[in-house]
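K.L.:
For reference, the sequence and a predicted model appear below.
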Amino acid sequence: MGAQGGSAGEDASESEEAATPLSDATTEPEAAAAVCPEGSWGTVPDTNCHVIAQDCPLGQTCMPATTSGEPGTKCASLNNGLKTRADPCSMDKECAAGLKCVFGYCSPYCCKEAQFAICGPGGLCNVNQSVGGTGTYYVTMCSYLEPCVVWKQQCPTGKACHVISNDGSGACVPPPGGTFNPEGSACQFANDCGDNQICLSTCKYLCNRGGGPVDTPDAGPGTGACPSGQTCQALSSYPSWLGVCGT
């Protein structure tokens with residue numbers, strides 16, 4: 001399942017951007033004191049450089065690319081900025097080499113196994129940058145969305161709390177099309193759905209199966225319980241306390 005503008009239960013998706021050659025790039029790549037298991041940063045093979053090690057010449061970024069339709073990596077003079085990891089941005093060229101502007105923040109490539117070391121405090125390795133347009137090939141990147149606790153109604157107006165990691169952690173994300181789809185309606189992207197919901201072909205409420213870190217004493221639909229006629233069912237690949245409403 002893909003996602004745009006953020007992630008709820010699935011990783012967010014971002015299209016590949018063409019490299020814009022820039023001259024006099026002298027900024028050192030953002031260093032990540034972490035070791036990622038082979039292939040844990042995505043499905044794109046490291047053909048010419050390593051997206052985690054960022055082993056390109058000074059001022060260049062190792063990034064995914066396609067050559068004659070085949071996915072791989074290349075060194076590109078993409079960035080020439082002074083902004084570092086997690087700094088706000090509006091375009092790639094504001095960020096230091098080794099980083100890209102993802103959902104408004106300068107972000108490194110990452111693996112979930114070394115999420116804290118690479119993304120830093122508040123960062124989550126949960127954005128998939130797709131390569132080639134088919135969804136088969138991708139690399140993962142950090143995001144710096146505002147965190148939230150599911151069912152606690154903590155997000156500002158215009159954003160919804162979505163579970164974005166298989167440990168049950170959440171983040172406030174905006175809808176891809178300006179408005180959220182209501183519960184029960186069809187969805188394509190993870191953040192098509194509203195607060196405390198998940199996209200499983202249709203928008204479904206998340207529910208509290210008990211035994212977890214979130215207490216929901218006054219639960220109703222969207223705050224830990226299910227609508228009438230639905231039950232809280234197990235949700236694969238997530239903690240046992242987190243369920244999804246269904247019939």
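P.N.:
Cool, got the structure.
K.L.:
Name the next helix or strand downstream of the helix or strand of the chain with the lowest mean pLDDT, please.
P.N.:
Ranked by mean pLDDT, DSSP states H and E, the weakest helix or strand in the chain is strand 12-14, scoring a mean of 38. The helix or strand immediately downstream of strand 12-14 is strand 61-67, counting by DSSP states H and E.
K.L.:
in the next helix or strand after that following strand, what counts as buried?
P.N.:
Toward the C-terminus, strand 61-67 is succeeded by strand 70-76 as the next helix or strand (DSSP H and E). Of all the residues in strand 70-76, those buried under the rule 16 or more other C-beta atoms under 10 Å are 71-76. Using the backbone N, CA and C atoms, a C-beta is placed for each residue, glycine as well.
K.L.:
from these, which single one is nearest Thr247?
P.N.:
For these, the residue nearest Thr247 by C-beta to C-beta is Pro71; the value is 40.7 Å.
K.L.:
what sits opposite the closest one in the beta ladder?
P.N.:
Thr66 (DSSP bridges).
K.L.:
What does the pLDDT read for the spatially closest residue to Ser130 that is not a sequence neighbour?
P.N.:
Spatial nearest neighbour of Ser130, chain neighbours left out: Tyr138 (4.9 Å); criterion: C-beta to C-beta, 6 or more residues apart in numbering. Looking at Tyr138, its pLDDT stands at 83.
K.L.:
relative orientation of the helix or strand hosting Tyr138 and strand 70-76 in degrees?
P.N.:
If you go by DSSP H and E, Tyr138 is part of strand 137-143. Between strand 137-143 and strand 70-76, the angle comes out at 50 degrees (axes from the mean of the first three to the mean of the last three C-alpha atoms, to 10 degrees).
K.L.:
neighbouring contacts of strand 137-143?
P.N.:
When contacts are defined by C-beta atoms under 8 Å, 6 or more residues apart in numbering, strand 137-143 is touched by residues 6-7, 11-14, 41-44, 51, 64, 71, 85-86, 100, 102-103, 105, 107-112, 115, 118-120, 123-131, 171.
K.L.:
how close does the residue nearest to Ser130 get to Gln153?
P.N.:
Relative to Gln153, Tyr138 is positioned 32 Å away (C-beta to C-beta, to the nearest Å).
K.L.:
With that, I have no additional questions.
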